[in-house]
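In: what would the 3D arrangement of this be:
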Amino acid sequence: MKAKKVFLFISIIIFLGVGAYFGQQHYGRFQKAKQEQLLYEARKTAWQALQQSIKSEIGQFKGEAGIVIKDLGTGWEFSYEKAKLFPSASLAKIPLMAACFLAVDQGRIKLDRNIALKSADKLTGSGVLKDMPAGTTFSVERLIGLMIYDSDNTATNIVTNLVGIDYLNNTFKSFGLKNTDLSRKIADYHSRDKGIENYTTAEDMALLLDKIYRRSLGNKNVSDQCISMLKLTRMNDRIPKYLPVDITIAHKTGLENGVCHDAGIVFTNKGDIIIVVLTKHANSNSAPSKGFIAKVSLHAYRYFEQF
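Out: Reported below is the predicted structural model:
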């Protein structure tokens, strides 16, 4: 009888202990789920506030805009005129870069190949190669780099000749870009004056950046190389202008008469976000457009800071 009582006592202790353990586990899961729900609601409220802030900026902007803002954690997207065609200017160098790295992965070109600069390659506009003596050699990798972080038009011309416009346009389609193409070389202003223009959309740029971010652009190395190059961009008067200097931004600008763009990925310790802002304007200079892009980017950054 005594043994039965001892056994019963031990059984009760074990039952209570197991019950307490599983009760604690359940309570912990409940609390975690509750915290996650509260965070989700706070994030949703912040996202709605962000949309209103951007709409307010759009209402004050004197020009046309195409915008995509995407929270890469939740997949939430704000867009405005995202399918509207804009002259791509130097934004075309982003898909051009991606196509070049894909061509390397396919064995079409080699990054360590050296190419001699020719006088016929030189183009006006941004970049330092136009001032270099003919015969100076550069690796393909260096040329792609100069095309992105210095937006060098001559480097872009050489790389375009290397892979060919037909290959580039076919590759853009393979990336899923609906309205991005090269009808002429990027800095061929003579053709532009005849009405031949390169176009893109905020939607296409955001799609491409999303694929680069998720490492789904061909081989994983293709995306990694793209991000590494975009992080080196030296023109920081748009997306990065009002953001902390210690955060990482992978982006590319575009600028021509009446056209001002920036497109990139902003990496923060609370989440990552795609920011694409394309503009057309009739102002005497691009300062208002640059300010508009910078303010939209600041609103997007502050969205994360509220958590």
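In: burial of residue 246, as a residue count?
Out: Close neighbours of residue 246, defined as other CB atoms under 10 Å, add up to 5. For the C-beta atoms, the positions are set from N, CA and C on the backbone; glycine is no exception.
In: what do you get for residue 145?
Out: 18.
In: on the three-state scheme, it is what?
Out: When classified by DSSP: H, G, I helix; E, B strand; the rest coil, residue 145 comes out as helix.
In: verify the stated contact: it with residue 231.
Out: No. Applying CB atoms under 8 Å, one finds residue 145 not in contact with residue 231, separated by 11.3 Å.
In: find the nearest non-adjacent residue to residue 69, please.
Out: Using CB to CB, 6 or more residues apart in numbering and skipping residues adjacent in sequence, the residue nearest residue 69 is residue 78, 4.5 Å away.
In: just confirm that neighbour is within a helix.
Out: No. Looking at residue 78 with three-state DSSP, it is strand, so not inside a helix.
In: just the pLDDT at it, thanks.
Out: At residue 78, the model reports a pLDDT of 97.
In: now do the strands in this protein.
Out: With DSSP state E applied, the chain shows strands at 64-71, 77-80, 86-87, 114-116, 137-139, 199-200, 248-256, 259-268, 271-280, listed in chain order.
In: check contacts around the residue lying closest to residue 241 once chain neighbours are set aside.
Out: Using CB to CB, 6+ apart and skipping the chain neighbours, the partner closest in space to residue 241 is residue 294 (3.8 Å). Residue 294 makes contact with 237-239, 241-242, according to CB atoms under 8 Å, 6 or more residues apart in numbering.
In: buried among these? Need that as a selection in ChimeraX.
Out: Listed next is the ChimeraX selection for buried residues among those, using 16 or more other CB atoms under 10 Å:
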select :237,238,239
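In: first-to-last residue distance for stretch 56-69?
Out: Using CA to CA, to the nearest Å, one end of stretch 56-69 lies 15 Å from the other.
In: the stretch 201-307 of the chain: helices as residue ranges?
Out: Listed in chain order, the helices of the stretch 201-307 of the chain (DSSP state H, counting those that start in this stretch) span 202-213, 220-230, 287-305.
In: in the shortest one, what counts as buried?
Out: By neighbour count, and taking 16+ other CB under 10 Å as the criterion, the buried residues in helix 220-230 are 222-223, 225-227, 229-230.
In: before we move on, back to that, who touches the residue nearest to residue 69 in this structure?
Out: Neighbours of residue 78 in contact, by CB under 8 Å, 6+ apart: 47, 50-51, 54, 67-70.
In: save these as CSV, and put in neighbour count and pLDDT too.
Out: Output for the contacts of residue 78, formatted as CSV (neighbours: other CB atoms under 10 Å; pLDDT from 0 to 100):
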residue, neighbour count, pLDDT
47, 17, 94
50, 23, 95
51, 17, 96
54, 21, 97
67, 25, 98
68, 25, 98
69, 25, 98
70, 23, 98
